[in-house]
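**Student:** Quick check, what structure comes out for this input:
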Amino acid sequence: MSLKSSNKVETNRYELTVEVDGVTFENAVNKVYKKEVKRINIPGFRKGKAPRAIIEKMYGSEVFYEDAMKELYPEALENAAKEAGLTLVRDKIDLDVESAGKDGFVFKATVTVEPEVSIENYKGIEYKPMSLEITEEDIDNDIKRVQERNSRLVAVEDRAAENGDVAVIDFEGFLDGEAFDGGKAENYSLTLGDGQFIPGFEEQIVGHNAGEEFTINVTFPEDYQAEELAGKATEFKINLHEIKKRELPEVDDEFIKDVSEFETVDEYRADVKEKLAKAREEEAKNDKNNQIAKSLAEKLVAEIPDAMYENAIDNFIGEFEMNLRAQGLDINTYMQYVGLDEQALREQYKERAEAQVKVRLALRAVAEAEGIEASDDEIEAEYNKLAEAYKVDVDRVKAAFTADDIAKDVKNEKAMKLVQESAVEAAAGEEA
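**Tutor:** Okay, here's the model as predicted:
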């Protein structure tokens with residue numbers, strides 16, 4: 001299999017003329033024959049036992065060509081692209097067979113490739129460091145979360161409902177005077193101000209007292225998942241049974257003993273401060289790296305094919321599907337539940353996908369500009385790291401990822417380290 005010619009037909013689209021030799025083609029044809037003969041009936045032969053020559057005589061010498069060529073296209077294209085110094089992007093491929101026979105076959109393929117890239121001023125990128133200071137308010141807020149986890153609900157009898165209260169209600173919704181499906185519940189505990197229900201619902205319960213029956217009017221959002229209710233004005237009858245508020249425990253030494261391994265409030269506050277400081281350091285590191293990556297992507301010069309963005313979105317959705325399956329859900333059920341269609345789901349990942357693609361290409365440009373390479377030892381180390389991460393044998397990792405794929409990751413990682421180590425803090429008062 002070899003490249004005969006490579007011609008650029010438009011931005012990031014190339015026409016490759018590829019030749020597959022006779023021996024390779026013959027082996028593929030024979031492989032298809034052995035697979036297909038099991039389903040072929042020829043008079044005078046038992047099913048699956050007809051010789052290839054007999055089948056070709058009856059159906060034509062090219063009877064197995066198409067499937068054989070399909071078998072060979074991917075590898076032939078990959079090899080031809082590599083020979084041409086191009087990296088293929090998963091996208092529509094236009095194929096045209098020029099000739100096929102005992103000497104092999106020749107085909108033309110118009111493919112999408114990764115763009116030419118360049119980058120400047122990637123050293124000395126400025127970033128705005130995050131403050132590492134841990135204030136008393138930060139400590140208080142962390143402790144308050146522990147208080148809330150250990151809070152209890154107590155009945156409120158001397159005032160009307162307020163935001164933050166839990167209202168225990170019966171409700172029933174009506175559209176044009178008729179009750180609608182899914183609009184009714186009894187003894188439902190609703191935390192006011194949390195935004196669980198459609199806009200306007202919780203706000204109209206605030207100010208009412210336990211024991212009251214009243215009516216509220218709300219309009220469903222235009223993009224509400226139930227089409228029959230989207231944008232419609234509705235009426236809800238409310239019976240407010242009870243109002244509850246969260247009562248937080250007092251933060252004293254006894255409380256600290258109950259919720260932690262410490263004996264006093266002071267000891268606990270010191271531990272919280274230490275843990276918050278470590279978390280803030282990690283957060284600041286990630287924030288710095290995100291700022292650098294964003295700046296790096298902005299410095300990239302490249303005409304990026306849309307297919308690269310779409311493929312990145314596909315990958316994100318694939319990962320999301322895997323996570324859903326681990327929870328016993330499928331993506332169609334999820335989309336129906338949250339009121340999304342496929343296009344809306346893809347739109348959610350668009351910005352993230354674009355950023356990922358641009359950063360990866362920018363790192364490739366840095367690696368090329370700096371002459372960064374991946375040694376055999378570094379590639380082997382990366383294989384071992386992946387094997388450890390996935391808890392599988394290294395041979396399985398090598399079967400899943402080519403050395404070229406691993407080399408790209410290693411070079412990108414080294415390029416990112418170079419950029420990060422050369423980054424500088426922005427002067428006070430300046431934007432990064």
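
**Student:** For the rest of this, base every contact and every neighbour count on C-alpha atoms.
**Tutor:** Fine.

**Student:** dump the residue contacts of residue 139.
**Tutor:** Applying Cα atoms under 8 Å, 6 or more residues apart in numbering, one finds that residue 139 lies in contact with 269, 272-273, 276.

**Student:** Would you mind giving those residues as JSON lines with secondary structure, distance to residue 40 and pLDDT added?
**Tutor:** As requested, the contacts of residue 139 are exported to JSON lines (DSSP: H, G, I helix; E, B strand; the rest coil; distance: Cα to Cα, whole Å; pLDDT from 0 to 100):
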{"residue": "269", "secondary structure": "helix", "distance to residue 40": "79", "pLDDT": "98"}
{"residue": "272", "secondary structure": "helix", "distance to residue 40": "74", "pLDDT": "98"}
{"residue": "273", "secondary structure": "helix", "distance to residue 40": "76", "pLDDT": "98"}
{"residue": "276", "secondary structure": "helix", "distance to residue 40": "71", "pLDDT": "98"}
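
**Student:** quick one: which of those is nearest residue 1?
**Tutor:** residue 276 (59.5 Å; Cα to Cα).

**Student:** mind listing what the host helix or strand of residue 218 pairs with, with the direction of each?
**Tutor:** Using DSSP states H and E, residue 218 maps to strand 213-219. Using DSSP bridges, the strands paired with strand 213-219 in its sheet are strand 233-247 (antiparallel).

**Student:** Residues contacting the partner strand, please?
**Tutor:** Counting contacts by Cα under 8 Å, 6+ apart, the residues outside strand 233-247 that touch it are 148, 151-157, 161, 164-176, 187, 208-220.

**Student:** now those residues: which count as buried?
**Tutor:** For those, burial is judged from neighbour counts taken by 16 or more other Cα atoms under 10 Å, and it is met by 156, 161, 165-174, 208-210, 216, 218-220.

**Student:** Would you enumerate the residues in contact with residue 121?
**Tutor:** The neighbours of residue 121, taking Cα under 8 Å, 6+ apart as the test, are residue 299.

**Student:** again, only using 10 Å
**Tutor:** Each residue near residue 121 by Cα atoms under 10 Å, 6 or more residues apart in numbering is listed here: 296, 299-300, 366.

**Student:** Now distance to residue 10 and neighbour count too, for the contacts of residue 139, in JSON lines please.
**Tutor:** Supplementary listing: the contacts of residue 139 in JSON lines, determined by distance: Cα to Cα, whole Å; neighbours: other Cα atoms under 10 Å:
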{"residue": "269", "distance to residue 10": "64", "neighbour count": "18"}
{"residue": "272", "distance to residue 10": "59", "neighbour count": "17"}
{"residue": "273", "distance to residue 10": "58", "neighbour count": "19"}
{"residue": "276", "distance to residue 10": "54", "neighbour count": "19"}
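
**Student:** how long is stretch 32-52 from one end to the other?
**Tutor:** The first residue of stretch 32-52 is 10 Å away from its last residue (Cα to Cα, to the nearest Å).

**Student:** give me phi/psi at residue 254?
**Tutor:** phi -70, psi -40 (degrees, to the nearest 10).

**Student:** and it, how far is that from residue 331?
**Tutor:** Using Cα to Cα, we find residue 254 at a distance of 47 Å from residue 331.
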